[in-house]
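In: This is a predicted model, with the sequence first.
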Amino acid sequence: MDFLGEGLRRAVALLFSGDADVYGIALLTLKIGLIATVLACGLGIPVGFVLATRPFWGRRAALTVVNTALAFPTVVVGLLLYGVLSRRGPLGGLEWLYTWQAIVVGDVLLALPIAAALAAAAVQGVDPRIRRTAETLGANRWRTAWTVAREARFALAAVITTAFGHVVAEIGSAMTVGGNIRGQTRTLTTAVALYTSQGDFGLALALGLILLLLALLVNVALQALQGRGHA
Amino acid sequence: MLELVGVRHRYDGRLVLDIERFAVAAGAGVAIVGPNGSGKSTLLRLLALLERPSEGEVRLGGVVVAGGKAPLAGAGARRRITLVEQRPVLLRGTVRENLEFGLQVRGIRRTEVNSRVDSVAARLAITPLLQRRRHELSDGEVQRVAVARALAVEPDVLLLDEPASSADRAAAQTLYRALAEERARRPLAVCLASHQLEDAYRWADDVRALAEGRLSPVTPENLFRVELPASGSGGDLQHVCVGPIEIAATTDKTGHAILAVPPTDIFVSREPLASSARNVFVGRVTRLAHQRPGAVHVTADVGVELVAVVTEEAARDLGLTPGGPVVFSFKASAVRVF
C-alpha cells in the first residue's frame, strides 16, 4: 500500500509543479479528444437522426451494423488503420502514420458508431408528435430536425460526453497508429501504459488523474450548458 | 381542394383505412364522426401530408402531393394545411414562441408576427398564457394554444382532431366561436374529427361517419359493429343481434360488418303501428336535441340507443318528452349493412 500512497503524493506534486512534459501530454490528449469528438459527433449525430426518422430500404440492417460497430475492439481498428495508413497502404501517401492525425482518424472511427447509435436512440425517444407538430406548422426538414434536437438536448449532450469519454480513454488504436512518440503522439492513455510498464507509478497515476479531470471538466461544461435551457 | 382518392393505408400490414374518395372543398366545414379506433386520426394525418398512404393518392388543388409516384409533399404543400392533434404537444419555449414558430418558418416579418400572435391569442382567450411554458399549462389550455398556433399560420385547410376533448364548456365555446369568426373572415376549410355528434352537427356543413377505417354511406348515428352468420344467402332477411335486440335486415354479407339505420328512415310513434316494418322497438325517449333548424333528433333507449329525426311539428304533435314512451319502426330494407 505504501507505493500507492507514494504514487498519489508524487501525482499531486507533479500536477501542481507545472511539469511541461505532463501538461504537453494532457494538452495533446485534449486536442485530439476535442477534434475527434467534434468530427465523430458532427458525422454520427446526423447519421443517427436519419436512422431514427427516415424510413429507407435497409434501415434495420444499417442500425444493426452501427450497433455492432459499438463493440469493435479498439486494437483491431488500430490494426486496420495501420494497414491503410502504412507506406504500402491505400492512404500511405498522406504520411499520417505515427502522427496525431492518425490517432484522430482512429478515434473518429471508434466514436462515430457510438454517436450514431446513441443519437438514434435519443431521437427515437422524442415524442413523435414533436416532429409532426413542427412539420404541420410548415417547418422544412432542417428546421424539423433542429426542433427535435432541442427536445432531445439532454440525451444528445450525453452522446457528446460518451463520445469524448471513449476517445480520451482509448489506447489500442492510439498506441498502434500513433506509436507513443514523446512530444508528438504520446497521449495520456499511452503514457500511463508506458510509465506503468517502466515502474514510474507516480507519473502514471498523475497522468491518470489528469485524464479523470479532463472527463470531469467536459461533463461539467456540458451540464452547465444544459442547465441554461428551459422546458 | 384537398382530397383522398383510392386510399388504402396499412400499419404493419393491417388495413386501417380504406377510402375510395374523401374531399374537403375550399371553405367547407366537414366533420368526421366515429368511435375511437375508427381511423379518424389516421385520416387526418394523411390529409395533413404527415404520412404517405400505402396505396392511393392525396391531392391538393387537383395536384397529387402524396402517394402514387409523388414523393411525400415538401414544406410548400404542407404550409397550406395544418393539423391540431387530439393530444397536442407544445414545442420547447413559451406559448408566445409556440405561436411564433409557424410564422418564423415562413419568413414572416417580426412586426407582422407580433401582430398575428397578439390577434390570435386574444381570439382564443390565451393572452394571459403567452409567457408561460408547457409544463405550466393544463391539458385544456394546451389544446387552445395548439388551435391558436394553427390559426396563426392562416392555413387554407385546418384539420382538428377532437379539438375540445380536454376543454370545459366555456373553453369549447370560445374555441368554436374563434373558428366561426375565422371562417367568416376568410375562406378557411375546416375538417374536424370527433366522437361527439352534437359538436359535429352544431357547426359542420357536412357530417361523415367513419367506422373501421371506412366511410359510412349514411349519417353517423345508429352505427353498430355486428357479426353476420355465415349461412346467409343473397338478399335474405336476416335477424342480426345488436346488443340485446335483434334487427331485421336484408343483406348477402356474412361475418364482420357494420350495420347502420338511417335516422330519417325511422318512423316515430307513441303506439306500435300496423305496418310492413319488420323492426318495431318500444322504448323511452332519453334525449331531444334541436341540432338543425326545423329538425329534432330523438334519442331513445330501445335496448340500445337509436336516434331518429323528426320535424319539430311532428315532435310537438307526438308530445315527445324525455323519459316518455316512444316506438321506433323501420323496414328491414332501410337497414344498411356494409
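Out: Done, it's in.
In: Does chain B have contacts with the longest helix seen in chain A?
Out: If you go by DSSP state H, chain A has its longest helix at helix A:20-53. No: contact of helix A:20-53 with chain B (Cβ under 8 Å from any Cβ of the partner chain) is absent, the minimum separation being 12.5 Å. Using the backbone N, CA and C atoms, a C-beta is placed for each residue, glycine as well.
In: mind listing what's buried in that helix?
Out: Buried positions in helix A:20-53, judged by neighbour count with 16 or more other Cβ atoms under 10 Å in any protein chain shown: A:22, A:25-26, A:28-30, A:32-37, A:39-41, A:44-45, A:47-53.
In: And the residue nearest to B:Ala200 when sequence neighbours are not counted, its phi and psi?
Out: The spatially closest residue to B:Ala200, leaving aside those adjacent along the chain, is B:Ala31, at 3.5 Å (Cβ to Cβ, 6 or more residues apart in numbering or on different chains). Main-chain dihedrals, B:Ala31, degrees, to the nearest 10: phi -120, psi 140.
In: got the residues of chain A near chain B?
Out: With Cβ under 8 Å from any Cβ as the criterion, chain A comes near chain B at residues A:127, A:129-130, A:132-141, A:143, A:147, A:150-151, A:229-231.
In: Show the buried residues in these.
Out: For those, a burial check counting by 16+ other Cβ under 10 Å picks out A:130, A:132-140, A:143, A:147, A:150-151.
In: Point out the ones among the residues of chain A next to chain B that are inside helices.
Out: Counted as lying in helices by DSSP H, out of the residues of chain A next to chain B, are A:Arg129, A:Ile130, A:Arg132, A:Thr133, A:Ala134, A:Glu135, A:Thr136, A:Arg141, A:Arg143, A:Thr147, A:Arg150, A:Glu151.
In: Can you add pLDDT and give the residues you listed back as JSON lines?
Out: JSON lines is the format used below for those (pLDDT from 0 to 100):
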{"residue": "A:Arg129", "pLDDT": "95"}
{"residue": "A:Ile130", "pLDDT": "96"}
{"residue": "A:Arg132", "pLDDT": "95"}
{"residue": "A:Thr133", "pLDDT": "96"}
{"residue": "A:Ala134", "pLDDT": "96"}
{"residue": "A:Glu135", "pLDDT": "94"}
{"residue": "A:Thr136", "pLDDT": "95"}
{"residue": "A:Arg141", "pLDDT": "89"}
{"residue": "A:Arg143", "pLDDT": "94"}
{"residue": "A:Thr147", "pLDDT": "95"}
{"residue": "A:Arg150", "pLDDT": "92"}
{"residue": "A:Glu151", "pLDDT": "92"}
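In: Quick check: end-to-end length of stretch B:318-335?
Out: Taking Cα to Cα, to the nearest Å as the measure, stretch B:318-335 stretches 24 Å from start to finish.
In: Tell me which residues of that stretch come out buried.
Out: Buried-residue list, stretch B:318-335, by 16+ other Cβ under 10 Å: B:Leu318, B:Leu320, B:Val326, B:Val327, B:Phe328, B:Ser329, B:Phe330, B:Lys331, B:Ala332, B:Ala334, B:Val335.
In: centre of the chain versus that stretch, how much separation?
Out: Its chain's C-alpha centre and that of stretch B:318-335 lie 25 Å apart, by Cα atoms, centre = their mean, to the nearest Å.
In: Now do that stretch: everything it contacts.
Out: Outside of stretch B:318-335, the residues within contact range by Cβ atoms under 8 Å, 6 or more residues apart in numbering or on different chains are B:237, B:247-251, B:259-262, B:265-273, B:275-288, B:296, B:298, B:300, B:302, B:306, B:308, B:310.
In: try 6 Å
Out: Contacting residues not belonging to stretch B:318-335 are listed as B:237, B:248-250, B:261, B:265-267, B:269-270, B:272-273, B:277-282, B:285, B:300, B:302, B:306, B:308 [Cβ atoms under 6 Å, 6 or more residues apart in numbering or on different chains].
In: helix or strand right after the helix or strand bottoming out on mean pLDDT in chain B?
Out: When each helix and strand of chain B is scored by mean pLDDT, DSSP states H and E, helix B:197-203 comes last, with a mean of 67. Elements were assigned by DSSP states H and E; along the chain past helix B:197-203, the next helix or strand is strand B:206-211.
In: Partner strands of that next one and their direction?
Out: Strand B:206-211 pairs in its sheet with strand B:29-33 (parallel), strand B:214-215 (antiparallel), by DSSP bridges.
In: Now do the following helix or strand past the last one: which elements does it pack against?
Out: The one in question is strand B:214-215. Next helix or strand after strand B:214-215 toward the C-terminus (DSSP H and E): strand B:223-228. Strand B:223-228 sits against strand B:255-260, with contacts defined as 3 or more Cβ pairs under 6 Å, 6 or more residues apart in numbering or on different chains; DSSP states H and E.
In: Output the strand it packs on as PDB - backbone C-alpha positions only.
Out: C-alpha atoms of strand B:255-260 as PDB (Å, rounded to 0.1, in the frame of the first residue of the first chain):
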ATOM      1  CA  GLY B 255     -69.100 -12.300 -41.000                       C
ATOM      2  CA  HIS B 256     -67.800  -9.000 -39.600                       C
ATOM      3  CA  ALA B 257     -69.800  -5.900 -40.800                       C
ATOM      4  CA  ILE B 258     -71.200  -2.500 -39.900                       C
ATOM      5  CA  LEU B 259     -74.900  -2.200 -39.600                       C
ATOM      6  CA  ALA B 260     -76.500   1.300 -40.000                       C
END
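In: could you check the angle strand B:223-228 makes with that strand?
Out: Here strand B:255-260 points in a direction 150 degrees away from that of strand B:223-228 (axes from the mean of the first three to the mean of the last three Cα atoms, to 10 degrees).
In: How far does whichever helix or strand comes after strand B:255-260 sit from its chain's centre?
Out: Counting by DSSP H and E, the element after strand B:255-260 in chain order, helix or strand, is strand B:267-269. With Cα atoms, centre = their mean as the basis, strand B:267-269 stands 28 Å off its chain's centre.
In: What of stretch A:97-106?
Out: Offset of stretch A:97-106 from its chain centre (Cα atoms, centre = their mean): 14 Å.
In: show me where chain A has helices.
Out: Under DSSP H, chain A gives helices at A:2-17, A:20-53, A:59-69, A:74-85, A:100-124, A:128-136, A:141-151, A:153-169, A:172-173, A:188-197, A:201-227.
In: Could you check how far the second one is from the centre of its chain?
Out: This points to helix A:20-53. On Cα atoms, centre = their mean, the centre of helix A:20-53 falls 5 Å from that of its chain.
In: avg pLDDT for it?
Out: What helix A:20-53 shows for mean pLDDT is 93.
In: Check the third one too.
Out: Confidence over helix A:59-69, taken as the mean pLDDT, stands at 87.
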